[in-house]
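> Show me the folded form of this:
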Amino acid sequence: MRRLLFTILATLITTALFGQTSMSFYHLGNATFQNSSLNPAWVPDGRLFVGIPALSGIHLHVNNAVSYNDIFTKETNSILLDDEKILSNIQSQNLISAHANINLFHLGFKFPAGAFINFFANERVEADFLFPKKIIEIGLDGTDQFLDENNKIGNIGLTASHFREIGVGYAYSVHTQLDFGIRLKYLMGFFNASLPGNAKANINSSGDFFQLDTDIKNAQLRTSGLDILLDQEVDGTSVNLGSHLISSGNSGFAVDIGATYKLNRYYSITGSLLDVGWINWNTNVVNQTLNDTTFTYTGVDLEDVGDLVDVLEDSLFNKFDVTETNDTYRAWLPLKAYGSWIYHYDKNMDMYASMGARYVQGQLKLLYGGGITRRFGRIATLSASALKLPQQFFNVGAAFAVNGGPIQFYMAADQVINFSAPDFKAFDFRFGINLRFVERDKSLKSNASVTRYAKGFGKSNDDGTLQGPKGVDSGSFLGKKVKNKKRDEIYSVIPRQKRPDVDTSGTPKRKVEPNAPAGTSPPKPFYKKSINQRDINVKQDKKKKKKVVRKSLTGRTKRKN
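Have a look, this model is predicted:
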């Protein structure tokens, strides 16, 4: 029992530290490598992606039904537990969810044809505790207000795990409208604690005299690696925590899948299913099962009580029959899913309507959100979202990814409005630095080469324009050699030229050389006939064609031009 109570207490404390939802980050689309962990079909913009250990991705999240100010009240110099505030803020079914994710390494490469292959390793800590309001009411107010009632306490669940995932991902375009992605993950487990059976209890209290009739079912706690984590001996042998974190003996497998379908120019739908898998827990396994128990508790006679602890142990604690085994077990990961309807306003702006879900301990928890994503070329991507997390009211989130050369910095946060430490119930925050190498635009390369030619071989004028290449200061205009005044990149600037005389009389004048003998005609032009003269001659030739007369089968004559 002490082990059971300690584990539950430790889990509740650790849930105040970590977490995961990331709707605002999800709306960044394919802006970063890490977005492919939310939808494997998203291929990031770039050619080569390299992760910096621990710095490329740090993710924290907390979701709780109550805040610090919902539990405690300050009066003068004292801080008091406020029962009324606690009961007024919790729901009939409650969840304390907390996750952390650290990116250890990633490497990705996109082929010229568009296919994307990547390798990654992440360290993950996840904890979820589900409990009904009834158990808090009995704990705070006792059973006085439930006299002569059958109090059902059910849907109590707990899962807490520390594990590492190492995997490979692949994404490609099935055809022009459909993109598909998959990630295969090998899991290495280090610590686990879980209540697998959704423990239930019925408590009946009598109003005539103090008496509790209790019925408990499916109460079991499974742990793996707890003694190693607490630096205790395992089977009489001390196990080093460092070696356990390298090779634990607990392994599993999981898969992520995602797809995006482009309906038309304006609309797309996308969805993903994540963490479909399990871990087999084999090392330092302890299963503590509270056998299905029914008993009646009538209280303690406090007269002549020597040792209250011994009395309670005899009258209450000994009612519970606990069986301990070391059988290995398999634990499934909480399932996650995302889905979105996307409206492409233009090539740089998208609008999202999204929904996310987590299935944990037999309960489905949903979150909703809508967002706008704006891209500023390859420099930056911004998103703003309105969202609703489980157990929370609507709030606002934001995310951005900024690129400077090969370095990319990103940050995302949910629940950013009216945030204060004493009042916060939920938050989601992640940031990271990636190395991202993109293929250079060929059109920019060609323009740059022209500029380099102009700048490399010419000299700058006072007005900022460029002269021609060194040694070249002349050009040609209408067959006439002219001197260049200056050059403006690929253009030559020449002095203003005099307009040549044009004869509009219609009768061409014969040009006679001054020293030519009398009666000598001017040289004929290089063409025989002008374009207009040729058109007239063609029409006349058509008229001169002979008309062919033939008789049809009916005997009528028919002319054919």
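
> Is residue 289 bridged to anything, and to what?
Under DSSP bridges, the beta-bridge partners of residue 289 are residue 220, residue 323.

> Report how many residues lie close to it.
Using other Cβ atoms under 10 Å, residue 289 has 16 other residues around it. Where C-beta positions appear, they are placed from N, C-alpha and C, glycine not excepted.

> Let's see the pLDDT reported for it.
On pLDDT, residue 289 comes in at 83.

> Contact partners for it?
Going by Cβ atoms under 8 Å, 6 or more residues apart in numbering, residue 289 touches 219, 220, 221, 322, 323, 324, 325.

> measure the second one to residue 200 for me?
Think residue 220. 12 Å (Cβ to Cβ, to the nearest Å).

> neighbours around the closest residue to residue 327 other than its chain neighbours, how many?
Counting by Cβ to Cβ, 6 or more residues apart in numbering, residue 327 lies nearest to residue 287, which is 5.8 Å off, once chain neighbours are set aside. If you count neighbours by other Cβ under 10 Å, residue 287 ends up with 17.

> which stretch of helix or strand covers residue 287?
Counting by DSSP states H and E, the element that carries residue 287 is strand 285-290.

> got the CA coordinates for that strand in CSV?
Taking Å, rounded to 0.1, in the frame of the first residue of the first chain, the C-alpha atoms of strand 285-290 are listed here in CSV:
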residue,chain,number,x,y,z
VAL,A,285,8.3,-5.4,-13.2
VAL,A,286,6.1,-5.3,-10.1
ASN,A,287,2.3,-5.9,-10.4
GLN,A,288,0.3,-5.1,-7.2
THR,A,289,-3.3,-6.2,-7.5
LEU,A,290,-5.9,-5.4,-4.9
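
> Can you give me the buried ones in stretch 39-54?
39, 40, 41, 42, 43, 44, 45, 46, 49, 50, 51 (16 or more other Cβ atoms under 10 Å).

> Filter the residues you listed down to the ones in strands?
Counting by DSSP state E, the part of the buried residues of stretch 39-54 found in strands is 49, 50, 51.

> which residues touch the second one?
Residue 50 makes contact with 106, 107, 434, 435, 436, 437, according to Cβ under 8 Å, 6+ apart.

> Residue 180: which of the residues you listed is nearest?
Residue 180 lies nearest to residue 106 out of the contacts of residue 50, by Cβ to Cβ, at 20.2 Å.

> looking at this, the closest one is in a strand?
Yes: using DSSP: H, G, I helix; E, B strand; the rest coil, the secondary structure at residue 106 is a strand.

> which of the contacts of residue 289 are buried?
Going by neighbour count (16+ other Cβ under 10 Å), the contacts of residue 289 have 219, 220, 221, 322 buried.

> Using a markdown table, lay out these together with distance to residue 368 and pLDDT.
Converted to a markdown table, those look like this (distance: Cβ to Cβ, whole Å; pLDDT from 0 to 100):
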| residue | distance to residue 368 | pLDDT |
| --- | --- | --- |
| 219 | 35 | 77 |
| 220 | 35 | 82 |
| 221 | 34 | 87 |
| 322 | 43 | 78 |
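
> Just the closest of those to residue 406, please.
Nearest to residue 406 among the buried ones among the contacts of residue 289 is residue 221, at 49.2 Å by Cβ to Cβ.

> Wait, the closest one touches residue 160, no?
No: checked against Cβ atoms under 8 Å, the pair residue 221 and residue 160 is beyond contact range at 11.1 Å.

> residues shared between the contacts of these two?
The contact lists of residue 221 and residue 160 share 193, 194, where a contact means Cβ under 8 Å, 6+ apart.

> just the helices in this structure please.
With DSSP state H, the ranges of helices along the chain come out as 2-14, 23-26, 83-89, 133-141, 226-229, 241-244, 308-315, 442-457, 531-543.
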